[in-house]
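Based on what follows, work out the 3D shape:
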Amino acid sequence: MPFAKRSLGQNFLQDPNTARRIVAALEIATGDHVLEIGPGRGALTEWIIAAGPARFQALEKDRELARTLPDRWPSLEILAGDALEHRWESLDAPFYKIVGNLPYNIASPLIWDFVSRARNYGRAVFMVQYEVARRLTAEPGFGDYGALTAWVRNFAATSLLFKVGPAVFRPRPKVDSGVVLFSPLAKRPDPALAERLAKLLHGCFQKRRKQLANILKSQWEDGVGQWFAEQGLSGTLRPENLSPRHFLGLAERFGDHFFA
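Modelled structure (predicted):
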């Protein structure tokens with residue numbers, strides 16, 4: 001099998017038990033379509049094949065791996081390409097399930113795009129750097145809570161399933177990993193509102209040490225301060241203290257006026 005490529009951030013999973021647990025979290029059922037992001041040498045692939053999905057596709061950027069994987073699993077459909085450029089809008093059915101051991105260097109932007117652009121899917125399970133896993137599942141008021149947290153949690157419920165140590169990978173990374181479950185919310189922001197939300201989150205968390213009344217001071221007297229009072233929120237709060245739904249409500253009401 002091809003060697004791991006540092007340029008692609010590849011760390012191949014070697015432990016069958018960890019692979020089995022990740023695939024089990026997908027809860028593959030008869031009729032499901034599974035998309036695996038970055039199958040690598042097939043650690044998860046063989047367990048997915050064994051689960052018997054109706055259709056199994058794998059998105060692989062590494063051309064060598066894209067050529068060799070079908071030799072081992074002829075039923076596997078290879079989609080050669082970059083996950084950061086994938087048309088996630090094509091996922092539009094509840095029987096789609098997505099899984100992947102994501103390269104550390106692309107996990108955050110990939111998940112940001114995936115949760116907002118995938119129209120409809122059953123569930124997703126991603127293994128990411130443990131620090132990112134904590135951010136994805138953090139609650140307001142904690143240091144791990146940030147723009148990524150508030151964004152993702154307006155599109156999906158997240159839960160940290162388990163932690164994975166470096167020893168089960170080759171080459172061995174210097175940090176731990178975490179496996180996170182994503183379950184899409186029934187009600188999610190439309191594209192126009194999502195754009196306003198993204199602008200608000202970036203603007204606020206770039207100044208996360210400041211109080212929100214100062215961050216939003218140019219609009220504070222134009223209704224924003226009143227909105228905070230209506231929500232029972234103080235202007236002395238910092239961005240990490242606002243819930244994902246508070247950010248969404250703020251973007252929906254005043255989004256066009258922030259950080260122009």
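
those helices in the protein, which residues are they?
For the chain, the helices defined by DSSP state H cover 16-26, 45-51, 63-72, 107-117, 130-136, 147-152, 191-205, 212-215, 217-219, 225-230, 244-254.

who touches the residue nearest to residue 181 when sequence neighbours are not counted in this structure?
Leaving aside its sequence neighbours, residue 181 sits nearest to residue 159 (Cβ to Cβ, 6 or more residues apart in numbering; 4.9 Å). C-beta: built from backbone N, CA, C; applies to glycine. Taking Cβ atoms under 8 Å, 6 or more residues apart in numbering as the contact definition, residue 159 lies against 137, 180-181.

domains for this structure, by residue range?
With domains defined by automatic domain parsing, the chain comprises 6-184, 191-257.

out of these, deepest packed?
domain 6-184 (a mean of 18; mean count of other Cβ atoms under 10 Å).

Can you give the distance of that one from its chain's centre?
Domain 6-184 has its C-alpha centroid displaced from the chain centroid by 9 Å (Cα atoms, centre = their mean, to the nearest Å).

Report the mean per-residue pLDDT for that domain.
Domain 6-184 shows a mean pLDDT of 93.

again with stretch 230-240
97.

So what's the gap between that stretch and the chain middle?
The answer for stretch 230-240 is 27 Å, by Cα atoms, centre = their mean.

So which residues lie in contact with it, not counting its own?
Contacts of stretch 230-240 (Cβ under 8 Å, 6+ apart): 140-143, 145-146, 204-205, 207-213, 215, 220, 225, 228, 242, 246, 249.

Got the phi and psi for the closest residue to residue 139 other than its chain neighbours?
Residue nearest to residue 139 in three dimensions, not counting chain neighbours: residue 145, with 6.5 Å by Cβ to Cβ, 6+ apart. Main-chain torsions, residue 145, degrees, to the nearest 10: phi -70, psi 130.
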